[in-house]
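S.K.: need coordinates for the below:
(2 chains)
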2 protein chains.
Amino acid sequence: MQPFFEIEKKTESKARAGVISTSHGQIQTPIFMPVGTVASVKTVHQHELKEDIKAEIILGNTYHLYLRPGMEVMQNAGGLHQFMKWDLPILTDSGGYQVFSLSDSRKMTEEGVKFKSHIDGSFHFISPEKSMEIQRQIGADIFMAFDECTPYPCEYNQAKTSMELTHRWLKRCISWCGENPELYGHKQHLFPIVQGSVYSDLRKISAEVISEADAIGNAIGGLSVGEPEEEMYRITDIVTDILPVAKPRYLMGVGTPWNILESIGLGIDMMDCVMPTRNARNAMLFTWNGVMNMKNEKWKNDFSDLDEFGTSFVDREYSKAYVRHLFIAKEYLAKQIASIHNLAFYLDLVKTARQHIVAGDFYEWKDSVTPALRQRL
Amino acid sequence: MQPFFEIEKKTESKARAGVISTSHGQIQTPIFMPVGTVASVKTVHQHELKEDIKAEIILGNTYHLYLRPGMEVMQNAGGLHQFMKWDLPILTDSGGYQVFSLSDSRKMTEEGVKFKSHIDGSFHFISPEKSMEIQRQIGADIFMAFDECTPYPCEYNQAKTSMELTHRWLKRCISWCGENPELYGHKQHLFPIVQGSVYSDLRKISAEVISEADAIGNAIGGLSVGEPEEEMYRITDIVTDILPVAKPRYLMGVGTPWNILESIGLGIDMMDCVMPTRNARNAMLFTWNGVMNMKNEKWKNDFSDLDEFGTSFVDREYSKAYVRHLFIAKEYLAKQIASIHNLAFYLDLVKTARQHIVAGDFYEWKDSVTPALRQRL
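M.R.: Predicted coordinates:
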């Protein structure tokens, strides 16, 4: 049997190229995972995700899926893969982050969180056990331990208390999973989450506790929540110094194209973010040449291809002037085109990064392309 | 050289199967034309229109395109085909209908119409000559004479006065076109429009005047504006008795699937309507088995294919339960799936109607399928 994670090439520093093997196929790492919040990557058809964007794994949000369509429908469908007809790997978050950021009101205890739905105001309770149960019902290939994600900024004592709760909750997650097998005949892998806000000592403690849990892969949460980029890199660096080298590392909720490359440089293997799709819907396109605001007057009469270096059909089939027009006229197709473009770009970004890791010149390459990526066109 | 219109098969009554030949390819009639208001059929990619929906011609709206992107961009692009990268035939309306139905305020004279943009309140003036000029700049294969479209209900005298104005405007349109050639190297064909509201004598007069103009094809306007279905059929029947048999007949703005079949039965060759896309965005799907409201609770746990008789990928790739979920969760993909489904269904409807015309059993077939088409599922 294939091991869950194999490192194909390691640079002299921390970056590495690997392969994750799941019941729904392999993932070449480093990888970016498009976010499919409520069983849909917004504006994108599943076959476009697979064939045009070349996504290898997508993310589903436990909180959203729990509320809609709900677990009765999910189980009747035979899990999320069947429900949305996506036969490649899926990862689900634990629901914790959304409970804390989206619900109208919530009350946290050692036991778990009681919260009010942002949709209909109904009350719900999620505990570590409940999160595991829901994620079994969703049936993602990789699923996350139930954690508390601290906001930024966060007082030291609050960060410490929260981190310790996350560690206690992890034990309950692992214990529940040991007693409750998968539902749909394929393997599910639990990743625990390192917390500790921007405090070095807390992050070190958390990374050690998480490493000791000896899970098949590990995640870093509580970053990309408003802290300066430098803080994010500093903390990631500290944590990846401790997390086991032989296991995949998932940096949650990151980020811009340059954040992605820096994180890969710090030994991260997996990332997800709503940025490529959310910003696309607001007319922001990421390219190798920089960031384009498609509503800008400057594209009005530019009939050249949307992105000459783009990898998806939208880059060749549509011009800058046409896409600008669609945004100005508030046409749905504008959001669709921009979302496909941005996701395809993110996948091309990590694929190219991987090629440079394998070729041995990743860090030079990263430093050479970053200034262009960051510039505003 | 291919004639513009050839009738391949004529039934004993009025229905006929034909072929229209344009510089951008042939159209099998009867045909339904998806509406691409502002250079986009809402939520649908161009390659989906062509390959999945199998559209043979689409419609653009002169009023909308004139305001956005405007004629400077349109001409710089080299016309609408180039601008939106659609290489099959396009038809444009004259702008008249939208000026009368959308603009905030307007003032009509013999010369033309001064109107206020519904977008930014700016003032504009469209005359028959201006409409022709704009439609030359758009460059559609088939374009429409500038007419006044009367509302329903409409007083007899108003309908008569309006019809006479439309007839005078037609002369100006024809005259302008005789003096101003095409801009982009392909042929454009002008269709005049029969008006006269629901008054039999006015419609007869108008059909005779329009026939005498000896255009390459003719259109019937001022229907499907709120009158009862029976009135629409009655007037269409009167008009198609007069319009020349050898020329294509376009019934503007029609309609439901059963309206489409009835109209074909009355000798109509071309139709357009926003219904399949607009209703799709409101969760209404048309199928051979009837009309489905996808928000209905009854689909919640129905994991069967979206439409077992559907011809496009959405019908096989997505289940009823999944599409219901997307509508309930207000996901963009819901509108995209429903729009592709409905348009593909409309194209399948007219294609199947054509097969039955050719086979010689159109009227029996129409009567046998209509009850199912109309029922609510």
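
S.K.: could you measure the most centrally placed residue in chain A against residue A:343, distance?
M.R.: By CA atoms, centre = their mean, chain A has its centre lying nearest to residue A:272, at 1.8 Å. Distance of residue A:272 to residue A:343, given as CB to CB, to the nearest Å: 11 Å. Any C-beta I mention is one placed from the backbone N, CA and C, and that applies to glycine too.

S.K.: got a list of what the nearest residue to the residue nearest to the centre of chain A once chain neighbours are set aside touches?
M.R.: Nearest residue to residue A:272, sequence neighbours excluded (CB to CB, 6 or more residues apart in numbering or on different chains): residue A:33, at 4.1 Å. By CB atoms under 8 Å, 6 or more residues apart in numbering or on different chains, the contact set of residue A:33 is A:55, A:57, A:58, A:59, A:91, A:270, A:271, A:272.

S.K.: okay, the residues you listed in TSV with pLDDT next?
M.R.: Shown next, in TSV, are these (pLDDT from 0 to 100):
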residue	pLDDT
A:55	98
A:57	98
A:58	98
A:59	98
A:91	98
A:270	98
A:271	98
A:272	98
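
S.K.: which one of these is nearest to chain B?
M.R.: Chain B has its nearest neighbour among the contacts of residue A:33 in residue A:58, at 13.1 Å by CB to the nearest CB.

S.K.: how close does the residue nearest to residue A:272 sit to residue A:55?
M.R.: 7 Å.

S.K.: then residue A:375?
M.R.: 27 Å.

S.K.: again with residue A:297
M.R.: Distance of residue A:297 to residue A:55, given as CB to CB: 33 Å.

S.K.: enumerate the residues of chain A near chain B.
M.R.: Within chain A, the positions lying close to chain B (CB under 8 Å from any CB of the partner chain) are A:38-40, A:42-47, A:64, A:68-69, A:72-73, A:76-77, A:82-85, A:300-301, A:303, A:313-314, A:317-319, A:321-322, A:325-326, A:328-329, A:331-333, A:335-337.

S.K.: residues in contact with residue A:42?
M.R.: A:277, A:281, A:335, A:339, B:331, B:332, B:333.

S.K.: redo that, cut-off 6 Å
M.R.: Going by CB atoms under 6 Å, 6 or more residues apart in numbering or on different chains, residue A:42 touches A:277, B:332.

S.K.: kindly report the same for the one 4 residues further on.
M.R.: Under the criterion of CB under 6 Å, 6+ apart, the contact list for residue A:46 reads A:85, A:86.

S.K.: same thing but at 7 Å, please
M.R.: A:84, A:85, A:86, B:317 (CB atoms under 7 Å, 6 or more residues apart in numbering or on different chains).

S.K.: could you do residue A:127 as well?
M.R.: So residue A:127 contacts A:111, A:112 (CB under 7 Å, 6+ apart).

S.K.: against residue A:232, how distant is it?
M.R.: Counting by CB to CB, the gap from residue A:127 to residue A:232 is 29 Å.

S.K.: low-confidence ranges, chain A, go.
M.R.: For chain A, no stretch has pLDDT under 70.

S.K.: recalculate using a threshold of 90.
M.R.: A:1-2, A:96-106, A:117-118, A:121 (pLDDT under 90).

S.K.: ok so, going back, compare the contacts of residue A:46 and tell me which is most surrounded.
M.R.: residue A:84 (25 neighbours; other CB atoms under 10 Å in any protein chain shown).

S.K.: for it, what are phi and psi?
M.R.: Per-residue torsions, residue A:84: phi -100, psi 0 (degrees, to the nearest 10).

S.K.: check contacts around the closest residue to it other than its chain neighbours.
M.R.: Leaving out its chain neighbours, the residue that sits closest to residue A:84 by CB to CB, 6+ apart is residue A:39, at 4.5 Å. Applying CB under 7 Å, 6+ apart, we find residue A:39 in contact with A:60, A:65, A:80, A:83, A:84, B:325.

S.K.: before we move on, what SS does residue A:39 have?
M.R.: Using DSSP: H, G, I helix; E, B strand; the rest coil, the structure places residue A:39 in coil.

S.K.: distance of it relative to residue B:272?
M.R.: Residue A:39 sits at a distance of 34 Å from residue B:272 (criterion: CB to CB).

S.K.: where's the residue in the stretch 51-200 of chain A positioned nearest to chain B relative to residue B:118, distance?
M.R.: Going by CB to the nearest CB, chain B is nearest to residue A:69 of the stretch 51-200 of chain A, at 4.3 Å. Between residue A:69 and residue B:118 the computed distance is 38 Å (CB to CB).

S.K.: please apply the same query to residue A:207.
M.R.: The gap separating residue A:207 from residue B:118 is 58 Å, by CB to CB.

S.K.: and residue A:187, by the same measure?
M.R.: Distance, residue A:187 to residue B:118, by CB to CB: 56 Å.

S.K.: which residue packs closest to residue A:317, ignoring adjacent ones?
M.R.: Using CB to CB, 6+ apart, the nearest residue to residue A:317 is residue B:85, at 5.5 Å.

S.K.: bridged to residue A:124, which residues?
M.R.: residue A:115 (DSSP bridges).

S.K.: distance check, it against residue A:193.
M.R.: Note on residue A:124: its distance to residue A:193, by CB to CB, is 21 Å.

S.K.: which of the two has more neighbours?
M.R.: residue A:193 (29 against 17).

S.K.: tell me the contacts of that one?
M.R.: If you count contacts by CB under 7 Å, 6+ apart, residue A:193 has them with A:144, A:145, A:147, A:166, A:219, A:221.

S.K.: out of the residues you listed, which is nearest to residue A:358?
M.R.: Distance to residue A:358 across these (CB to CB) is lowest for residue A:219, with 24.5 Å.

S.K.: the closest one - that's part of a strand, no?
M.R.: Yes: with three-state DSSP as the criterion, residue A:219 is part of a strand.

S.K.: quick one on the thing from earlier: burial measure for the nearest residue to the residue of the stretch 51-200 of chain A closest to chain B once chain neighbours are set aside, as a count.
M.R.: Spatially, and ignoring its direct neighbours in sequence, residue A:69 is nearest to residue B:325 (4.3 Å; CB to CB, 6+ apart). Using other CB under 10 Å, the number of residues around residue B:325 comes to 28.

S.K.: secondary structure element for residue B:325, which one?
M.R.: Here residue B:325 sits within helix B:320-328, counting by DSSP states H and E.

S.K.: of the residues of chain A next to chain B, buried ones?
M.R.: Among the residues of chain A next to chain B, those classed as buried by neighbour count (16 or more other CB atoms under 10 Å in any protein chain shown) are A:38-40, A:42-46, A:64, A:68-69, A:73, A:76-77, A:82-84, A:300, A:313-314, A:317-319, A:321-322, A:325-326, A:328-329, A:331-333, A:335-337.
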